[in-house]
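1. No letters, just coordinates:
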Ligand SMILES: O=C(O)C(=O)C[C@H](O)C(=O)CO
């Protein structure tokens, strides 16, 4: 992963190669991307009919979750996740947590049909919290933004201190209303945490995602089901050619959602 000085020198293709994660979702496959940033791992699983979280040498071998926790958000049709033999049914945008010490996680198609697509985010964990499911309807919802700034949206929190408890993972999603296109503007950094966005619901549309240090921003064109890695020093904001939603996930020093270093519009360059 390039540092902030090196990032300044990257060509657009190198920038995409370093910060954009494409091709996570492929029918019948479980694909993973391992990042240096807070040792986060992201993945996509499209079970037809089932897929297992693998054991990886890069994570020390043994069960994937031996010393890690996992957040799952269902970004496709109905799906089932089996955690150490216990089955959880996930409707669209429902979330599941599996803690450290979990031996086996299996992703399955639902008997109710539809194309299952599960987005996975995993972080190192120092203790074991119990598995937990939260439906989209039961998540804490916080509306924000306004029409004047084309930013009316709602933040849904799934894995967080007042919801499903975890060691360091904080995860949820944001949904923009029709006619609104801007997320996280004015932007922020949070030098105590990494953040990853997975953009969704774009179909043939796109998001122009802004990243980098506030005084030397760079942009990435992001399409449906693509993820962007944000180091702690990078803003993370975007405007779409339509409305959309995105799953955000953070890990690092603390779990305080509001611990942000806000950046004023006039500081952006
Ligand atoms: O739309 C927003 O604003 C967000 O969703 C903000 C993200 O959750 C975020 O960047 C939290 O640090």
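-> Here it is on my side, so go on. These numbers were taken from a predicted model, which means no experiment stands behind them.
2. Isn't residue 201 up against residue 244?
-> Yes - applying C-beta atoms under 8 Å as the test, residue 201 and residue 244 come out as touching, 4.7 Å apart. Just so you know, the C-beta spots here come from the backbone N, C-alpha and C atoms, and that holds for glycine as well.
3. between those two, who's got more neighbours?
-> Neighbour comparison, residue 201 and residue 244: the larger count goes to residue 244, with 24 against 16 (by other C-beta atoms under 10 Å).
4. Return the distance of the more buried one relative to residue 133.
-> When distance is defined by C-beta to C-beta, to the nearest Å, residue 244 is 25 Å away from residue 133.
5. May I ask which helix or strand encompasses residue 211?
-> Secondary-structure element containing residue 211, defined by DSSP states H and E: strand 207-213.
6. Output the contacting helices and strands for that strand.
-> Of the remaining helices and strands, those touching strand 207-213 by 3 or more C-beta pairs under 8 Å, 6 or more residues apart in numbering; DSSP states H and E are helix 4-8, strand 193-200, strand 216-222, strand 227-230, strand 235-240.
7. could you point out which element follows the first one?
-> Counting by DSSP H and E, the next helix or strand C-terminal to helix 4-8 is helix 12-19.
8. what's the answer for the last one, then?
-> Secondary structure here is assigned by DSSP H and E; on that basis, the next helix or strand after strand 235-240 toward the C-terminus is strand 245-252.
9. May I have the strands that pair with that following strand, each with its orientation?
-> strand 170-176 (antiparallel), strand 193-200 (antiparallel) (DSSP bridges).
10. can you redo those strands as TSV with distance to the ligand, mean neighbour count and mean pLDDT?
-> Converted to TSV, the strands paired with strand 245-252 look like this (distance: least, C-beta to the nearest ligand atom, whole Å; neighbours: other C-beta atoms under 10 Å; pLDDT from 0 to 100):
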stretch	distance to the ligand	mean neighbour count	mean pLDDT
strand 170-176	4	24	98
strand 193-200	5	24	98
